[in-house]
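Asks: Give me a model of this one.
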Amino acid sequence: MRVLSIIFLIVFLYSCTRSPEKLGDEAFKRHDYAMAIRYYMAALSKRPNDERIIEALSKARINYAKKFFIEASRGMHNNVEEWEILSQHLEAEGGKYKIELVETYYTIAKKYIENGRIDDALQVLKKAAAVEPVKKIAIGKIFDILATIPDDKVEQYTETFVNENSQDVDVCIKAASFLANKEFLDKSIEIYDRCISLISKPALREQIVIERETIQKRRERKRDKQGYQPGQWESGDKRR
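Replies: Numbering: from 1, shown residues only. Just a heads-up that it's a prediction; the model follows:
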């Protein structure tokens, strides 16, 4: 036992005499990217303008992300906290890895929804919608997520998401179409009206007006078929 204690002390003292940068390099070589990130961040705290450390930290983060995604595809990293840590690393890179960041936001939001944390999911999706120039990829994934929400909450949370991105035309248009596909026709028309008020380009505005008219005619046909009377249906054509 005493021999082991002495060996541990020697190893500890040896590691203390070596720089965090050197320890980071060694962790990187053995593919322990999480540990490499910690050492490089410690080194950077002492030399914040060192380009070599900045570059090494960036490489460690992206290799950490690549390894993380591979492991996740094999069934690992099921805890949302692990994905939150990954998002922090990718965010720290200042948008260098935008597709990876959007995928991470998407997964976090999905896990939040699975755990009933819909409000938290919407906040993450709001961040995803702001990632340029892959915003359209993000928006597509966002509405894949919203489609997993129970039907009795879809209308409410879709509108909340639109409100969170009130000046984003792309989000508005996608939301209106999404709600129409989910048969929330009244709310879809309402969102289309909001989209039209945001659009400045005449060609796009005309296109959205036509889409709105198509949904309105569809709603009228549906109501005629169901024998609609004023006050009979709520938004989304659900019975009172």
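Asks: buried stuff in stretch 69-81?
Replies: Neighbour counts over stretch 69-81 (16 or more other CB atoms under 10 Å) mark 72, 77, 80 as buried. Where C-beta positions appear, they are placed from N, C-alpha and C, glycine not excepted.
Asks: Helices - which of the residues you listed land there?
Replies: Within these, residues falling in helices by DSSP state H are 72, 80.
Asks: wait, what's in contact with Thr205?
Replies: That one is not Thr; residue 205 is Arg. 196, 199 (CB atoms under 8 Å, 6 or more residues apart in numbering).
Asks: for the buried residues of stretch 69-81, which one is nearest Arg38?
Replies: Checking the buried residues of stretch 69-81 against Arg38 by CB to CB gives His77 as the nearest, at 18.2 Å.
Asks: Could you measure from the closest one over to Ala34?
Replies: The spacing between His77 and Ala34, counted by CB to CB, to the nearest Å, is 12 Å.
Asks: What segments of the protein are helices?
Replies: With DSSP H as the criterion, the chain has helices spanning 2-16, 20-29, 33-46, 51-73, 80-92, 98-114, 118-129, 135-146, 151-164, 169-181, 185-198, 202-226.
Asks: any idea of the angle the longest one forms with helix 169-181?
Replies: Just to be clear, that refers to helix 202-226. Interaxial angle, helix 202-226 versus helix 169-181 (axes from the mean of the first three to the mean of the last three CA atoms, to 10 degrees): 20 degrees.
Asks: can you start the count at 324 instead of 1 from here on
Replies: In the new count, where the first residue is 324, that last one comes out as helix 525-549.
Asks: quick one: helix 525-549 to helix 508-521, angle?
Replies: Going by the same axes, to 10 degrees, helix 525-549 makes 160 degrees with helix 508-521.
Asks: Please apply the same query to the fifth one.
Replies: Relative orientation of helix 403-415 and helix 508-521, computed by the same axes, to 10 degrees: 10 degrees.
Asks: CA atoms of helix 403-415 as PDB?
Replies: Coordinates of each C-alpha in helix 403-415 appear next as PDB, following Å, rounded to 0.1, in the frame of the first residue of the first chain:
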ATOM      1  CA  VAL A 403     -29.700  15.600 -22.200                       C
ATOM      2  CA  GLU A 404     -27.000  17.000 -19.900                       C
ATOM      3  CA  GLU A 405     -24.300  15.500 -22.200                       C
ATOM      4  CA  TRP A 406     -25.800  17.200 -25.200                       C
ATOM      5  CA  GLU A 407     -26.000  20.500 -23.400                       C
ATOM      6  CA  ILE A 408     -22.300  20.300 -22.700                       C
ATOM      7  CA  LEU A 409     -21.700  19.500 -26.400                       C
ATOM      8  CA  SER A 410     -23.700  22.600 -27.400                       C
ATOM      9  CA  GLN A 411     -21.600  24.800 -25.200                       C
ATOM     10  CA  HIS A 412     -18.400  23.500 -26.800                       C
ATOM     11  CA  LEU A 413     -19.800  24.200 -30.300                       C
ATOM     12  CA  GLU A 414     -21.200  27.600 -29.300                       C
ATOM     13  CA  ALA A 415     -17.800  28.500 -28.000                       C
END
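Asks: quick one: contacts of that helix?
Replies: 360, 384, 387-388, 391, 400, 420, 423-424, 427-428, 430-431, 434-435, 438.
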